[in-house]
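> Task: produce atomic coordinates for the following.
(7 chains)
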Amino acid sequence: MKFKPLYDRVLVERLESESKTSGGIIIPDTVQEKPMKGVVIAVGNGTKSDKGDLIPLQVKIGDKILFGKWSGNEIKIDDRDYLVIKESDIMGIFL
Amino acid sequence: MKFKPLYDRVLVERLESESKTSGGIIIPDTVQEKPMKGVVIAVGNGTKSDKGDLIPLQVKIGDKILFGKWSGNEIKIDDRDYLVIKESDIMGIFL
Amino acid sequence: MKFKPLYDRVLVERLESESKTSGGIIIPDTVQEKPMKGVVIAVGNGTKSDKGDLIPLQVKIGDKILFGKWSGNEIKIDDRDYLVIKESDIMGIFL
Amino acid sequence: MKFKPLYDRVLVERLESESKTSGGIIIPDTVQEKPMKGVVIAVGNGTKSDKGDLIPLQVKIGDKILFGKWSGNEIKIDDRDYLVIKESDIMGIFL
Amino acid sequence: MKFKPLYDRVLVERLESESKTSGGIIIPDTVQEKPMKGVVIAVGNGTKSDKGDLIPLQVKIGDKILFGKWSGNEIKIDDRDYLVIKESDIMGIFL
Amino acid sequence: MKFKPLYDRVLVERLESESKTSGGIIIPDTVQEKPMKGVVIAVGNGTKSDKGDLIPLQVKIGDKILFGKWSGNEIKIDDRDYLVIKESDIMGIFL
Amino acid sequence: MKFKPLYDRVLVERLESESKTSGGIIIPDTVQEKPMKGVVIAVGNGTKSDKGDLIPLQVKIGDKILFGKWSGNEIKIDDRDYLVIKESDIMGIFL
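Next comes the predicted model:
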């Protein structure tokens, strides 16, 4: 099953962040409030302008992105967890 | 009786989601906070621009869509339950 | 006495909804939170654009419409009850 | 003394509404929450557009109008009570 | 010392309102919630449009105006009290 | 060290206001809620329009200005206190 | 690993502020509420206009900037701390 986000939305798969302090102690996810990393799985056709034109997104499939921990909506497709977020909630791309 | 949504609104019939944990226990709907799936039954003529033009919607009749659990207004037509939601509340389309 | 709504407003006469459960018990109106049906009695000349143009409404006199239960303002003309609502609060038209 | 409202404002004289129940009991004004009727006494030169043009108002002097009970500001000119309201708070005109 | 308001602001000197009931009892100012009268002392060069043009104001020096009791900021110049208010807070002009 | 404000921001040095009642009693600053006076030390290149043009500011270096007591952000450069405020928070210029 | 901010965002490395009172006492960071200094490490391609054009930013890599203490989101890249902030939250540039 495939999913096509609408307009300026992006389907994202979260990347597990390695969470160890310098002493090697693992910090559970709920303590971290830093932004999250993810990989773009699918992108919408673009932001809808006032005139109805679609302005293409800057992120593309495969981009490794950074986004706010609380951005977007969780969604499950074929038993895997994804996020649907708006491109405006994406802070940047890891090169 | 037929219903024509106005402008950027869409008439949606909810799809029952199968809600079983891996152990087979059924979770009642009110516990789930994930987005909902539905099928588009009717669409409006488009978003009204500042100049009065209608910008056609991207979803069309028959599309299987994902939308926020709390989006839209419930409506009953000929004893069946539907939702009227705005296209901007639709996250994407299942292909 | 006649009433001409201004701009994007519409004069509506509410339709009594038949409220019976399957067992025939009548539910008083105040319990229902579903949208309301009504008939359009008069319409304004259109939405005022930023440039001062009037963009004609899509609903017309006689349309049977659906709108939110709490939309608009109640008004009494010649001892009959009406609602004045904005077209943007109308969800759609029954065909 | 005369008063010229600015831009999209309108000077209105309230019409006393006859408030009797069918049994003839008079209801004091503060109980009624329905919209109010009034007569337009003076109008501004028009809504100021983004470009600085004035878009003429649709109401004119002498119009009998309907407006929200809590709209506008009370003002006293030559010992008479008036309201200054914005045209966007006027619901419609009685013909 | 002279003061030039910026853009759509206006320098206003308040007019003392005579506050007597019909029986001649004086009502202190803090009880009145009606709009205030004032005289325009200086005006800005105009509202700044989106494109950077200045749209001249409609009020001019010497105009006797009506404005909301709580509008603007009090300012003292050469030991006299003034108000700096935006033209959009002025309801109209007494002719 | 020099500081260049961005876009519509202005660097301001506060002017000490002489705060004596007619009887010569000094009122500490925290009691006064009137606007503040200051001198413009540096100005940004202009307000950014929707199209990306820069609209030059009306205030210039050396202007003695009036602004709201709580406007802007305090900043210390080379051990001196300044304020960074937006031009839209400036009420006017003393000539 | 490199990071490219999206649109009007900027990657910033905070500069440690020397916090000593005149008597030499060090004030811990959490007491200071003044704006922060930082160095621009990477910039986005520009603000997205309504028409989809990108309006280039005014800050560039290497600029020493001033920004609000609570602006932006903290992010860790290769074990170093950075901030991602929007250009509109930058008050100005030290020359």
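
> use CA for all of it now, contacts and neighbours both
Fine.

> low-scoring stretches of chain A, by residue?
In the predicted model of chain A, residues A:1, A:17-33 satisfy pLDDT under 70.

> Spatially central residue in it, please.
Central residue of chain A (Cα atoms, centre = their mean): A:V12, 4.0 Å from the mean position.

> how close does that one sit to chain D?
40 Å (Cα to the nearest Cα, to the nearest Å).

> secondary structure element for that residue?
Assigning secondary structure by DSSP states H and E places A:V12 in strand A:9-14.

> send the alpha carbons of that strand over as PDB?
Presented in PDB, the C-alpha positions along strand A:9-14 are these (Å, rounded to 0.1, in the frame of the first residue of the first chain):
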ATOM      1  CA  ARG A   9       2.700  17.500   3.600                       C
ATOM      2  CA  VAL A  10       5.500  14.900   3.800                       C
ATOM      3  CA  LEU A  11       5.500  11.300   4.900                       C
ATOM      4  CA  VAL A  12       8.400  10.600   7.200                       C
ATOM      5  CA  GLU A  13      10.000   7.600   8.900                       C
ATOM      6  CA  ARG A  14      11.600   8.400  12.200                       C
END
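
> wait, does it contact chain G?
No: using Cα under 8 Å from any Cα of the partner chain, strand A:9-14 stays clear of chain G, coming no nearer than 14.2 Å.

> Enumerate the residues of chain A near chain B.
Counting by Cα under 8 Å from any Cα, the residues of chain A near chain B are A:1-6, A:9, A:50-52, A:73-75, A:84.

> Can I have the buried ones of those as a PyMOL selection?
Selection of buried members from the residues of chain A next to chain B for PyMOL, criterion 16 or more other Cα atoms under 10 Å in any protein chain shown:
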select buried, chain A and resi 3+4+5+6+9+51+52+73+74+75+84
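
> quick check, nearest of the residues of chain A next to chain B to F:P35?
A:D50 (39.8 Å; Cα to Cα).

> State the helix or strand in which that closest one lies.
Using DSSP H and E, no helix or strand contains A:D50.

> so how far is chain G from it?
A:D50 sits 7 Å away from chain G, taking Cα to the nearest Cα as the criterion.

> Surely that residue touches G:D50?
Yes: between A:D50 and G:D50 there is a contact under Cα atoms under 8 Å: 7.1 Å.

> so what's A:K86 up against?
The neighbours of A:K86, taking Cα atoms under 8 Å, 6 or more residues apart in numbering or on different chains as the test, are A:8-10, A:72.

> try 6 Å
A:8-9 (Cα atoms under 6 Å, 6 or more residues apart in numbering or on different chains).

> Can you get me a residue count around the residue nearest to A:K51 when sequence neighbours are not counted?
Nearest residue to A:K51, sequence neighbours excluded (Cα to Cα, 6 or more residues apart in numbering or on different chains): B:S49, at 6.4 Å. When neighbours are defined as other Cα atoms under 10 Å in any protein chain shown, B:S49 has 14 of them.

> Run through the strands of chain A in chain order.
A:3-5, A:9-14, A:36-43, A:47-48, A:54-55, A:64-67, A:73-77, A:80-86, A:90-94 (DSSP state E).

> residues making contact with the second one?
Judged by Cα under 6 Å, 6+ apart, the contacts made with strand A:9-14 from elsewhere in the structure are A:38-44, A:82-87.

> wait, what's in contact with the single nearest residue of chain A relative to chain E?
Chain A approaches chain E most closely through A:D50 (16.2 Å), counting by Cα to the nearest Cα. Counting by Cα under 6 Å, 6+ apart, A:D50 touches no other residue.

> roughly how far apart are it and B:G52?
Distance of A:D50 to B:G52, computed by Cα to Cα, to the nearest Å: 11 Å.

> If anything else comes up later, I'll come back, but that's it for now.
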